[in-house]
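In: below is the sequence, then the predicted model.
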Amino acid sequence: MKKLILILTFCVSNLTFAQNFYVAANGNNSPPYTNWVTAATNIHDAVSLALSGDSVIVSNGAYVLSSQIEITNAIIFKSLSGREETVLNASSNCRAFYVSANAVIDGFTVSNGNSYVYTSTKNKGGAFWLDDFGSVINCSFINCRGKLGGAAFVSGETLISNCFFKGNIGSTEGGGAVYTYHLNSFAKILDSEFDDNLCYGWGGGAIVAYQNTFISGCKIYDNISQSHGGGVFLKDSAKIENSLIYGNSAIEDGGYGGGIIIYWDGPVVSNCVISNNYAGAVGGGIACLYDGIVENCLISDNLAYQGGGIGSPSHNLFDGAVINNCVISNNTAYFGGGYLSDWKGILKNCLITGNNAITNGGGAELLNAGGMINCTVTKNTAAPGWADGVYLFKYPDYEGPGGFISNSIIYYNDDINYQIVNNSHSIDFTCSYPMPTGAGNITNAPLFVNMASDDFKLLPNSPCINQGANESWMTNATDLDGNARILDGIVDMGAYEKALALWCDFTADNVTIVPGDEVIFTANVQGSNSAGIFYYWNFIPPGQNLNQVTNIYPDVGFYDVALTVSNSISETYSRTKQNYIEVVPEPAMLWMIALCALFRWFKD
């Protein structure tokens, strides 16, 4: 018993408990600052005592910094009452924070940070530098300036969340507010706002994002780059999703990407609204330079010299950008009001409507090898005599293949639906007028659901239904409305599949079995009226309403499977797959059959 007590005493005496250290303007400034009465009046003093796991809590008030706060341990540095009540003013004397540990900074307003006071290798991030570690949450950064990020420079696996950046200025190196390091960034920038930040140089009025930087849930507005990427500059494998990017500008005459520039390699822009941005040269909303992916976005009311909504200049050494399932509307440019591709670049499942070109290509301009698949191009305008819908052109000195349009609807544009220059482009399986030269084209009116209200889905009697050409990418793809890209065996023309009231399909967990095996079938039902669904399978008695069923096949052979579904107003849809299930003999039975055949051969 005594030994046990001694052991417990030893263990307890060697435990280290996390401590709180306090900072208050009216504290007694008596070390070790472990309560509000003895609180430090100088932030640096409290931080210097905090070890990993400890917290430094700062009371309400305004604190003037004469030197940066260096955090080298994994502490929590937080305010008592949030950013509105706790202000750190660097007075242009210093950066506010340098962090080299997994610390958390929570709940401050930082103003007037300045990293230019440091040497050339250290002048990064006007307000804070997260050096491979650390998180900054629930903070505001106002009127800071620095090289490589007017407010922040971050590298490694770092986090910025629920922060607000306003009036910060980045240098010619880029990043009006935030710069993520181009050699090793896995930074996350989440649920934050960027307003009225400025980059003097290469790009990123608000953010320069390299490597694997991930941006989500942000509002990025009224930022300016004097070069490229008025809002965001993306490179490498950086991604932005679920964000609002509006009112940003790349103001110089050669500026690319008023809202976003995708620069090289494989950045992704997904589920974003990109509106009311401006670029002096290419891509008022987005400029995709050489590569990149833009998907499920609304790109509207942007302005540029070329490519008002999206500009996609590429090169024969690159694949070009892919624009998928986007609405490109009400943009304006001198050339290519909605979209412009140069050399390469592909539009898939996009609606291009209400755009305007001062000269040609009101909806889109496809130069050299640009392509368009399953798009709807309608109600666009251009100068008299030029293509209001799509303008296709190949430079005389371009030696590669021309561009193409397939499975698309180019109709009801102001006057001229399309123009082909140099006869080098192909148009196939497309609805337009006059009849394009090519396979599978039609001139019949497409019969939209409600053109007056910009509902460009297809009516059930549209001539565009089941008139496209199937391609391998469509197997698991969806149309612009989120429905299966192929609903009825053959793809429809345009961005939308027919809006069926009811549709079904099914899958089996195994289509090749031996006698006695059980197969599980699962139904998939879609449509505008899928209430009160009832399922009828061809191999079970009526009355068993099941969306997932099983069946056992006792005999060798091929079996058809059929499913009929009905809804609450007795509409029905049927799907039959012939010879869908193959029942093969057991391996032992195959040997027996082979031996019998061999015996008969010897006997004969």
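Out: Looks like it came in fine.

In: so Trp537 touches Phe521, yeah?
Out: Yes: contact between Trp537 and Phe521 holds when scored by Cβ atoms under 8 Å: they sit 7.1 Å apart. For every residue, glycine as well, the C-beta is placed using N, CA and C.

In: got any residues that touch both of the two?
Out: Counting by Cβ atoms under 8 Å, 6 or more residues apart in numbering, the shared contacts of Trp537 and Phe521 are 549, 561, 563.

In: which stretches of the stretch 1-150 of the chain form strands?
Out: 20-23, 55-58, 61-64, 69-71, 76-79, 86-89, 97-99, 104-106, 109-111, 128-130, 135-137, 140-142, 145-146 (DSSP state E, counting those that start in this stretch).

In: redo those strands as TSV? Include mean pLDDT.
Out: Formatted as TSV, the strands of the stretch 1-150 of the chain follow (pLDDT from 0 to 100):
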stretch	mean pLDDT
strand 20-23	98
strand 55-58	98
strand 61-64	97
strand 69-71	98
strand 76-79	98
strand 86-89	98
strand 97-99	97
strand 104-106	98
strand 109-111	98
strand 128-130	97
strand 135-137	98
strand 140-142	98
strand 145-146	96
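
In: ranking those by burial, who's on top?
Out: Among these, strand 128-130 has the highest mean neighbour count (mean count of other Cβ atoms under 10 Å), at a mean of 30.

In: starting at the chain centroid, how far to it?
Out: Relative to the centre of its chain, strand 128-130 is centred 26 Å away, using Cα atoms, centre = their mean, to the nearest Å.

In: do the same with stretch 40-54
Out: Mean C-alpha position of stretch 40-54 versus that of the full chain (Cα atoms, centre = their mean) differs by 41 Å.

In: which one of the shared contacts of Trp537 and Phe521 has the most neighbours?
Out: Top of these by neighbour number is Leu563, holding 22 neighbours under the definition other Cβ atoms under 10 Å.

In: direction included, what does the host helix or strand of it pair against?
Out: Assigning secondary structure by DSSP states H and E places Leu563 in strand 557-566. Using DSSP bridges, the strands paired with strand 557-566 are strand 534-537 (antiparallel), strand 572-583 (antiparallel).

In: so which of those strands gets nearest Pro434?
Out: Proximity to Pro434, assessed across these by Cβ to Cβ, is greatest for strand 572-583 (36.4 Å).

In: which parts of the stretch 201-350 of the chain are helices?
Out: For the stretch 201-350 of the chain, no helices are identified by DSSP state H, counting those that start in this stretch.

In: so where's it uncertain?
Out: Where the stretch 201-350 of the chain drops to pLDDT under 70, the residues are 315-318.

In: how many residues are close by the residue nearest to His182 when sequence neighbours are not counted?
Out: Nearest residue to His182, sequence neighbours excluded (Cβ to Cβ, 6 or more residues apart in numbering): Tyr210, at 3.9 Å. By other Cβ under 10 Å, 24 other residues sit near Tyr210.

In: so what's Tyr210 up against?
Out: Going by Cβ under 8 Å, 6+ apart, Tyr210 touches 180-183, 185, 235-236, 238.

In: right, and Asn355 touches Asn380 too?
Out: Yes: the pair Asn355 / Asn380 is scored as a contact, 4.8 Å apart, by Cβ under 8 Å.

In: more crowded one of those two?
Out: Asn355 (33 against 30).

In: for the more buried one, list the residues it contacts.
Out: By Cβ under 8 Å, 6+ apart, Asn355 lies in contact with 308-309, 328-332, 337-339, 362-363, 380-381.

In: ok so, going back, anything in contact with each of Asn355 and Asn380?
Out: Shared contacts of Asn355 and Asn380, defined by Cβ under 8 Å, 6+ apart, comprise 337-338, 362-363.

In: can you turn the buried part of the contacts of Asn355 into a PyMOL selection?
Out: For the buried members of the contacts of Asn355, the matching PyMOL selection, counting by 16 or more other Cβ atoms under 10 Å, is:
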select buried, resi 308+309+328+329+330+331+332+337+338+339+362+363+380+381
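
In: which ones among the contacts of Asn355 map onto strands?
Out: Judged by DSSP state E, the contacts of Asn355 include 328-329, 332, 339 as members of strands.

In: so Ala369 makes contact with Glu399?
Out: No: between Ala369 and Glu399 there is no contact, the gap being 10.6 Å when judged by Cβ under 8 Å.

In: okay, and the common contacts of these two?
Out: Common neighbours of Ala369 and Glu399, using Cβ under 8 Å, 6+ apart, do not exist here.
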